[in-house]
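Novice: dropping a prediction and its sequence here:
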Amino acid sequence: MIEVKPNPSMLAHQGSYGEYGGAYIPPVLEKQLQQLADFFDNETQKAEFSEEFIQLLKNYVGRPSALFHAKNLSEYVGSKIYLKREDLNHTGSHKINNCIGQILLAKRMGAKEIIAETGAGQHGVAAATASALLGIPCKVFMGAIDVERQALNVRRMRLLGAEVIATELGSKTLKDAVDAALGYYIENPTSFYLLGSHVGPHPYPKMVGYFQSVIGQEARQQILAFEGRLPDSIFASVGGGSNAIGLFSGFLEDKEVSIHGAEGGGDGTYPNTAATLSFGKPTVFQGTRSYCLVDDNGEPIASKSIAAGLDYPGISPQHAYLKDTNRAQYYPVTDQEAIEAYKLLSRLEGITTAIESAHAVALAIKLLKGKNELAIVNVSGRGDKDVEREM
Ligand SMILES: Cc1ncc(COP(=O)(O)O)c(C=O)c1O
């Protein structure tokens, strides 16, 4: 029997991860975010909050998500590979885990409106879904380019009753959607900002990391049940870093497990990339100190990746810390490598992943070739949204 529950050790973080993290915010937001941090700390100590969260994860989201032994892929690669199937969750990705947690907080805080940003549209769909479930109006900010390249998810959000606001700012992608959502939040302090990744000012990385840690908690129990031992290595795609921290958090203390993050590598050269930890520098960006892709003057630049959900110049402060301390390794995976893995997994296993998740699959194929290792790859989402695109 696999227990569905978040990892309590994620509650120990107080907003800093070594030299990274913190809350670099305008004074108008200070009180609001402090209230949110205190509220989160209090609620997560209450049995009734945890019970409601876990009950919805089980009966609405469909957790635990399966850990599937991908035999054909394993044979192809020459290592034993299990896929953690976050694509099977309600709404089709890991994003719903965090949305259920944050919407319960919003409801308890008496929020009148939910706002969210989205890149691939998966977080927008999950936020719109959770808002519909709890009867709170929802606005989703999305870069105009992403509105076009993830059209299916835009239609889903509208069907769920959310208002989708396309932003024409900057590069018209996820970074600009975050700016637009933050701007709206500052002007409308009674709204609840449901942030979708492991980024932004404290307490967002702490909250998102906690809600997503169910992934790693389950995967650890599942691999021990199936194999009687821990994996040699684990893999996840890294946009802002939430599905990756979800999986990694279950294994951070297990030094024998090597941890690998796949970043959106774009065409493989700087600056046509979203591989923040591979090419970025420590900088303050969108409320937190972490790595960021910057120009010669230290200003954030627009990232480039085929995967809207990875197309972000910032990154979680905890991943920055894990990189610096060598606990995890991060690699750029090119658009082309991801497309090949996307097609290969569809044919070998009958699983069409999100193009974001295909980055993790591609990295696993590359690093595990002929190694005879036991590995887990996080399939963060399903690929329907990407099928209509020419790849
Ligand atoms: C399916 C999927 N995987 C991965 C990501 C990357 O986000 P994160 O790094 O927060 O998991 C996204 C973001 O939209 C996504 O939709």
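Specialist: That came through fine.
Novice: what about the closest residue to Ala106 other than its chain neighbours, distance to the ligand?
Specialist: Of all residues not flanking Ala106 in the chain, Phe192 sits nearest, at 3.9 Å (Cβ to Cβ, 6 or more residues apart in numbering). To be clear about C-beta, it is placed using only N, CA and C from the backbone, and glycine gets the same treatment. Per Cβ to the nearest ligand atom, to the nearest Å, Phe192 is found 19 Å from the ligand.
Novice: now do the same contact list for Phe192.
Specialist: Gln102, Leu105, Ala106, Met109, Ala111, Glu113, Ile114, Ile115, Ile136 (Cβ atoms under 8 Å, 6 or more residues apart in numbering).
Novice: run the last query once more with 10 Å
Specialist: Contact analysis of Phe192 by Cβ atoms under 10 Å, 6 or more residues apart in numbering lists 32, 36, 102-103, 105-107, 109-116, 131, 136, 138, 185.
Novice: within reach of the ligand, which of those residues are there?
Specialist: Among these, not one lies near the ligand by Cβ under 6 Å from any ligand atom.
Novice: so which of those are in helices?
Specialist: Residues of those located in helices (DSSP state H): Gln32, Leu36, Gln102, Ile103, Leu105, Ala106, Lys107, Met109, Ser131, Tyr185.
Novice: what sits against the second one?
Specialist: Under the criterion of Cβ under 10 Å, 6+ apart, the contact partners of Leu36 comprise Leu29, Gln102, Leu105, Ala106, Met109, Phe192, Tyr193, Pro201, His202, Pro203, Tyr204, Met207.
Novice: right, and the third one touches Lys46 too?
Specialist: I take that to be Leu105. No - Leu105 lies out of contact with Lys46 (Cβ atoms under 10 Å); the separation is 11.4 Å.
Novice: the two: which is more packed in?
Specialist: For the pair Leu105 and Lys46, the greater number of neighbours falls to Leu105 (20 against 11), based on other Cβ atoms under 10 Å.
Novice: contacts only, for the more buried one.
Specialist: Leu36, Phe39, Phe40, Glu43, Thr44, Phe49, Phe53, Ala111, Phe192, Leu194, Met207, Phe211.
Novice: would CSV of those with pLDDT and distance to Ala120 be doable?
Specialist: Output for these, formatted as CSV (pLDDT from 0 to 100; distance: Cβ to Cβ, whole Å):
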residue, pLDDT, distance to Ala120
Leu36, 97, 25
Phe39, 98, 29
Phe40, 98, 26
Glu43, 98, 29
Thr44, 98, 28
Phe49, 98, 29
Phe53, 98, 24
Ala111, 96, 25
Phe192, 98, 22
Leu194, 98, 16
Met207, 98, 21
Phe211, 98, 18
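Novice: out of these, give me the one that has the most neighbours.
Specialist: Leu194 leads the contacts of Leu105 on contacts (other Cβ under 10 Å) with 30 neighbours.
Novice: state the distance from that residue to the ligand.
Specialist: With distances taken as Cβ to the nearest ligand atom, Leu194 is found 13 Å from the ligand.
Novice: report the two of the ones in helices among the contacts of Phe192 separated the most.
Specialist: Gln32 and Ser131 (19.3 Å; Cβ to Cβ).
Novice: more neighbours: these two, which one.
Specialist: Ser131 (29 against 17).
Novice: the residue lying closest to the more buried one once chain neighbours are set aside and Ala106, how far apart?
Specialist: Once flanking residues are discounted, Ser131 sits nearest to Cys138: 3.6 Å by Cβ to Cβ, 6+ apart. Per Cβ to Cβ, to the nearest Å, Cys138 is found 10 Å from Ala106.
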